[in-house]
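Engineer: This is a predicted model, with the sequence first.
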Amino acid sequence: QVQLVESGGGLVQAGGSLRLSCAVSGSISVLNVMGWYRQAPGKQRELVASITSSGDTNYADSVKGRFTVSRDNAKNTLYLQMNSLEPEDTAVYYCNLDHYYGALLRRAVYWGQGTQVTVSS
């Protein structure tokens, strides 16, 4: 059973920094993409950043240059370093794992429970 557990959210002033972590337990395939999504009140969930198992990254335009996604494959942990935070970054942040496993490369998607990030002005 794969589980994702986020940590590191909280309240920070505009211009401040936070680091989110996502610990993955269970067996996962080497063919995977991990990412951070966020959902603000009244808005759809959106991709913030993603990283493949080989280290290729992708960022939403709104966070480029401020956020950095990384992973430690040995520890099965995903990180999101958030700098220069803005009130518009306030949202619940979710960790996501998308992996392909088995001889038929079946796809499985998992989500964490979410962690609140609040940026005050």
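Structural biologist: Everything's here; your move.
Engineer: Quick check: pLDDT value at the residue of the chain positioned farthest from its centre.
Structural biologist: In the chain, A103 marks the outermost C-alpha relative to the chain mean, sitting 27.6 Å out by CA atoms, centre = their mean. Per-residue confidence (pLDDT) for A103: 90.
Engineer: Doesn't it belong to a helix?
Structural biologist: No. In this structure, A103 is coil, not part of a helix, as judged by DSSP: H, G, I helix; E, B strand; the rest coil.
Engineer: Next up, phi/psi of it, please.
Structural biologist: With angles defined as degrees, to the nearest 10, A103 sits at phi -60, psi -30.
Engineer: Can you give me the distance of the most centrally placed residue in the chain to L85?
Structural biologist: Centroid-nearest residue in the chain: W36, 2.2 Å away (criterion: CA atoms, centre = their mean). Distance of W36 to L85, given as CB to CB, to the nearest Å: 14 Å. Glycine gets a C-beta too; all of them are placed from N, C-alpha and C.
Engineer: For the nearest residue to L78 once chain neighbours are set aside, give the beta-bridge partners.
Structural biologist: Leaving aside its sequence neighbours, L78 sits nearest to C22 (CB to CB, 6 or more residues apart in numbering; 4.1 Å). Here C22 sits in beta bridges with E6, L78, going by DSSP bridges.
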